[in-house]
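> need a 3D model of the following:
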Amino acid sequence: LVVDVPTGAVRARVGSASFASTPGGGEVDSCLALRSPGSTLKPFLFGYAMTEQQLYPTEVLLDDVLDFGRYAPGNFDGLYNGPVTATEALRYSLNVPAVALLDRVGVDSFHGFLRRGGLTSIDRAPSDYGLGLALGNCEVSLEALARLYLSVASLGRQQELHLVEEQKPTPEAPV
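Residues are numbered from 1 along each chain as shown. The predicted structure is shown next:
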């Protein structure tokens, strides 16, 4: 999915390798399918924490073994980096600092932020997602995620995606 930032016009869209013959019978549009967003939500968590004045880019976070009772997040590579700045934690997509940050800002408030940003498929109670929400343990469509990223590229201006060139952009509330 390739989107023009000023207008929200979709310039390219590939929903599947073969629309007519995908497993299960075809006609599957993966741009609309709900899937785990994984680490793609981390920039929104860090940005949200900064707007709430609960994080600064140069703040040092700990990337080390962290135990939340029945939940002990780890990094993808199984390694830990010790003290890192928030900027480094986001740049390297470190899981432990992201989970600790979500614990700081609160699952309820981040959940609400994502829903206000257009990720309406995150429709269960925040407690159902828990701290795993920092790592994308929810389901969103590529279209909805692209709209949310478009708001970043548009400096916080939220707008819909447009498949028709002549359609005028429809600015919404800022994210």
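> got the residue ranges for the strands in the protein?
Secondary structure of the chain, counting by DSSP state E: strands at 2-3, 10-12, 60-63, 82-85.
> quick one: which of these is nearest Q158?
With CB to CB as the criterion, Q158 lies closest to strand 2-3 of these, at 13.0 Å. All C-beta atoms are positioned from the backbone trio N, CA, C, and that covers glycine.
> which helices and strands does the closest one pack with?
strand 10-12 (3 or more CB pairs under 8 Å, 6 or more residues apart in numbering; DSSP states H and E).
> so where's this protein uncertain?
In the predicted model, the chain carries pLDDT under 70 at residues 19, 22-26, 165-175.
> ok, now how distant is the most centrally placed residue in the chain from Q159?
The structure's the chain has its C-alpha centroid closest to L41; by CA atoms, centre = their mean the separation is 2.2 Å. L41 sits at a distance of 20 Å from Q159 (criterion: CB to CB, to the nearest Å).
> endpoints of stretch 64-74, how far apart?
Using CA to CA, to the nearest Å, the span of stretch 64-74 from its first residue to its last is 8 Å.
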